[in-house]
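Undergrad: what's the 3D shape of this:
(chains A, B, C and D)
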Number of protein chains: 2
Amino acid sequence: MTESPRRSDATRATILDAARRRFAADGFRRATIRSIAADADIDPSMVMRYYGSKDGLFAAAVDVELDLPDLATADPGTVGELLTRQFLVLWEQPPTDEILLTLLRSAVADDAVVEKMRQVFAGQVTPAVLRFGDPADAPRRAGLVVSQLLGLALTRYVLRLPPVVALTSAEVVAEVGPTVQRYLSGS
Amino acid sequence: MTESPRRSDATRATILDAARRRFAADGFRRATIRSIAADADIDPSMVMRYYGSKDGLFAAAVDVELDLPDLATADPGTVGELLTRQFLVLWEQPPTDEILLTLLRSAVADDAVVEKMRQVFAGQVTPAVLRFGDPADAPRRAGLVVSQLLGLALTRYVLRLPPVVALTSAEVVAEVGPTVQRYLSGS
DNA sequence: CTAGCTTGTCAACACCTGTTGGCCTACACT
DNA sequence: AGTGTAGGCCAACAGGTGTTGACAAGCTAG
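TA: Down below sits the predicted model:
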């Protein structure tokens, strides 16, 4: 059943890699097919051949799996810190770091990406919160948690506000963790 | 000393108004001079005549005065709620609502706008926090406060996550206010 | 009334974008 | 060895961008 690996798979992966980097650095609109192709040392028309269009390439580049921890089996007293720590890992380690940065950078400019972020929220974040506490107000609690965590990502990785960048991972967990904990537990 | 009002001042203001709306709706890159001119019922070249360039127009459009409350004279016990409430007003009332949306939408795509946001942070937010509590760690506390408040703006006004949009102003103040309070007071 | 400056329009420029089709090269199979 | 096909490159397209300059109308000062 498994397709035999073709010669082109390498270039395909190279393109996707360059695309992720460019999208992360420049956002969807500023990142051009030509610049991505140049980074991958390939002709722009190859990008079209393999991914159909710029939109197709973008869709392939931002397919992300958050792998959030199971909050149901976690220690209820430190679940806020756990989630915050995992969030930092996602944003600072390949391959999700570039993907998430891309999503956030592009969400502001394109409505289609906003929709994609809502999907990630509804499909991956809310279900995780749903396994903790009262299911009735889970969406509301998930929304508050995300407002804090995405704000952290925005100020730390996009705007790079110096005092927020200066915080160590442990400090972030210590400061922001309790906030997430309070939102999760239902204030 | 005051310049006599010219006939062109009206068009000038019309252009700036249309620009703010377009920038807020589409972000810097997607908002074109032609579309702004069309909204203002004016020729594109007029925009250039009055504002020099698209960058000049943008700079004029995002000149913002936050008018944050004086935290030194406020009740130290409710200063978090006070700041959160004022933040909501800024984001939901003209003329700052469109300006702030523009800044946030464009900051993600353009490094120059990121710099502008850092300036607003350093020039208007940090000084306000500086008037409350220990000056030594004021930048750090200001950074944490902004991480929560900008995250709120991001999820509520840009991504429009349904559960966050559904919150009333009073609910936002009740949920987020204590977080801001804790950050301000130094956890 | 006339001269001059302001306000505005029109057309064009040079550039960059995503996208397409034709062509060459080199491998793989018979 | 010969041939078909996949991988890759080049040149061009149509459309949209910010920006510019020349030119027409209209108000205002002398």
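Undergrad: what residues are up against A:Gln181?
TA: A:Thr78, A:Val79, A:Gly80, A:Glu81 (Cβ atoms under 8 Å, 6 or more residues apart in numbering or on different chains). (Each C-beta comes from the backbone N, C-alpha and C, glycine too.)
Undergrad: In contact with A:Ala153, which residues?
TA: Applying Cβ under 8 Å, 6+ apart, we find A:Ala153 in contact with A:Phe87, A:Trp91, A:Leu100, A:Leu104.
Undergrad: Quick check: of the residues you listed, which lies closest to B:Arg156?
TA: Nearest to B:Arg156, judged by Cβ to Cβ, of these is A:Leu104 at 15.4 Å.
Undergrad: Kindly provide the distance from A:Ala128 to A:Leu66.
TA: Separation of A:Ala128 from A:Leu66 (Cβ to Cβ, to the nearest Å): 8 Å.
Undergrad: Need the contact partners of the lowest-mean-pLDDT helix or strand in chain A.
TA: The weakest-scoring helix or strand in chain A, judged by mean pLDDT, DSSP states H and E, is helix A:111-120 (a mean of 85). With contacts defined as Cβ under 8 Å, 6+ apart, helix A:111-120 is touched by A:28, A:55, A:62, A:64, A:66, A:103-104, A:106-107, B:158-162.
Undergrad: how about it: buried residues?
TA: Using 16 or more other Cβ atoms under 10 Å in any protein chain shown as the test for burial, helix A:111-120 gives A:Val113, A:Val114, A:Lys116, A:Met117, A:Val120.
Undergrad: returning to what we had before: neighbour count: A:Ala128 and A:Leu66, which is higher?
TA: Taking other Cβ atoms under 10 Å in any protein chain shown, A:Ala128 and A:Leu66 do not tie; A:Ala128 has more neighbours (20 against 16).
Undergrad: Number of residues surrounding the residue nearest to that one when sequence neighbours are not counted?
TA: Taking Cβ to Cβ, 6 or more residues apart in numbering or on different chains as the measure, A:Ala128 lies nearest to A:Leu68, with 4.2 Å between them; neighbours along the chain are not counted. Neighbourhood size, A:Leu68 [other Cβ under 10 Å]: 17.
Undergrad: Distance of A:Leu68 relative to A:Gln181?
TA: 15 Å.
Undergrad: Around DNA strand C, pick out the residues from chain A.
TA: Applying Cβ under 7 Å from any atom of the strand, one finds that chain A approaches DNA strand C through A:Arg7, A:Ala31, A:Thr32, A:Ile33, A:Arg34, A:Ser35, A:Pro44, A:Ser45, A:Met48, A:Ser53, A:Lys54, A:Asp55.
Undergrad: Now do the first one, the pLDDT please.
TA: With respect to pLDDT, A:Arg7 scores 67.
Undergrad: how about the residues of chain A near DNA strand D?
TA: Within chain A, the positions near DNA strand D by Cβ under 7 Å from any atom of the strand are A:Arg6, A:Arg7, A:Ser8, A:Thr11, A:Asp41, A:Ile42, A:Asp43, A:Pro44, A:Ser45, A:Met46, A:Arg49.
Undergrad: So which of these sit within helices?
TA: In this view, the residues of chain A next to DNA strand D that belong to helices under DSSP state H are A:Thr11, A:Pro44, A:Ser45, A:Met46, A:Arg49.
Undergrad: any bit of stretch A:84-93 sitting next to chain B?
TA: No: if you take Cβ under 8 Å from any Cβ of the partner chain as the test, stretch A:84-93 misses chain B, and the best it gets is 11.7 Å.
Undergrad: residues in contact with that stretch?
TA: A:66, A:68-69, A:96-97, A:100-101, A:149, A:152-153, A:156-157, A:169, A:172-173, A:176-177, A:180.
Undergrad: Would you mark the buried spots in it?
TA: Buried residues in stretch A:84-93 (16+ other Cβ under 10 Å): A:Thr84, A:Arg85, A:Gln86, A:Phe87, A:Leu88, A:Leu90, A:Trp91.
Undergrad: Among those, which ones are in strands?
TA: For the buried residues of stretch A:84-93, not one is inside strands, with DSSP state E as the criterion.
Undergrad: thinking again about what came up before, which two of the contacts of helix A:111-120 have the greatest separation?
TA: Longest span within these, Cβ to Cβ: A:Asp55 and B:Pro162, 25.0 Å.
Undergrad: which among the buried residues of helix A:111-120 gets closest to DNA strand C?
TA: A:Val113 (14.8 Å; Cβ to the nearest atom of the strand).
Undergrad: The residue positioned nearest the centre of chain A: what secondary structure?
TA: Nearest to the geometric centre of chain A sits A:Leu100, at 2.5 Å (Cα atoms, centre = their mean). A:Leu100 falls in the helix class when you classify it by DSSP: H, G, I helix; E, B strand; the rest coil.
Undergrad: who's in contact with it?
TA: Contacts of A:Leu100 (Cβ under 8 Å, 6+ apart): A:Val64, A:Leu90, A:Trp91, A:Ala153.
Undergrad: Go through those residues and name the one nearest A:Ile15.
TA: So of the contacts of A:Leu100, ranked by how close each gets to A:Ile15 (Cβ to Cβ), first place is A:Val64, at 17.9 Å.
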